[in-house]
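Q: Requesting a structural model of the entry that follows:
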Amino acid sequence: MQQVCSTLNRYRAAVPLVLRVVLGGLFVWHGIDKFDVGIDMIKGMFTAWGVPAPGFSAPVTAVVEIVAGAALVVGLGTRLAAMLLSTLMVGALIYVKQDLGIISSQPMPGAELDLAMLAGLITLVVTGPGSWSVDDRIGLEPSEVAAPREPALAGR
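A: Numbering: from 1, shown residues only. Predicted structure coming up:
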């Protein structure tokens, strides 16, 4: 098992990149789709779901999805972008998915995808963008200096 773990550890730096590109790409796509179907239609859906200020929140949601999603893809302002998108996901869970549950038998999917995306975004907020990011290249992220490990039973 240690050999498998050692082999997999070689690819550890790619994990935040994969999360950023997949999540960011999905959000960009969803934001563009909101404009494609028409912001007025999205405003109407937001109104039906009880989203506050739907005339304001519909276009803002679309723009945040596009801009923050693109920021995730390249790894620029990753933690802030992931926080903003997390806020949107919490709003979606509260206003859109609350009555559907985790897995829905209705035509609209349940909250499973929203929860998975939220988990990925929270992971990026906590762990950061990784070394393959603009954030890392321009110094927005603190350099990772590992603290020396002490044996578990030290001092006993």
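Q: and the residue nearest the centre of the chain, what does it touch?
A: Closest to where the C-alpha atoms of the chain average out (C-alpha atoms, centre = their mean) is residue 121, at 3.0 Å. For residue 121, the contact set (C-beta atoms under 8 Å, 6 or more residues apart in numbering) comprises 23, 82-83, 85-86, 89. Bear in mind the C-beta positions are built from the backbone N, C-alpha and C, glycine included.
Q: Which of those residues are buried? Put it as a ChimeraX command.
A: The ChimeraX selection below is limited to those of the contacts of residue 121 classed as buried (16 or more other C-beta atoms under 10 Å):
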select :23,82,85,86,89
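Q: Just the closest of the contacts of residue 121 to residue 45, please.
A: Nearest to residue 45 among the contacts of residue 121, counting by C-beta to C-beta, is residue 89 at 16.4 Å.
Q: Give me the nearest residue to that closest one, chain neighbours excluded.
A: residue 118 (4.3 Å; C-beta to C-beta, 6 or more residues apart in numbering).
Q: Name the SS class of the one you found, please.
A: Following DSSP: H, G, I helix; E, B strand; the rest coil, we place residue 118 in the helix state.
Q: burial of it, as a residue count?
A: 20 (other C-beta atoms under 10 Å).
Q: my guess is it contacts residue 93, does it?
A: Yes. Counting by C-beta atoms under 8 Å, residue 118 does reach residue 93; the two are 7.3 Å apart.
Q: Where does pLDDT dip in this protein?
A: 143-156 (pLDDT under 70).
Q: Just the helices from it, written as ranges.
A: Shown for the chain, the helices assigned by DSSP state H span residues 2-9, 14-37, 39-49, 54-74, 78-92, 112-127, 134-138.
Q: Switch these over to a markdown table; also include distance to residue 105.
A: Listed next are these as a markdown table, based on distance: least, C-beta to C-beta, whole Å:
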| stretch | distance to residue 105 |
| --- | --- |
| helix 2-9 | 38 |
| helix 14-37 | 23 |
| helix 39-49 | 19 |
| helix 54-74 | 27 |
| helix 78-92 | 19 |
| helix 112-127 | 13 |
| helix 134-138 | 42 |
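Q: I'm done for today, thanks for sticking with me.
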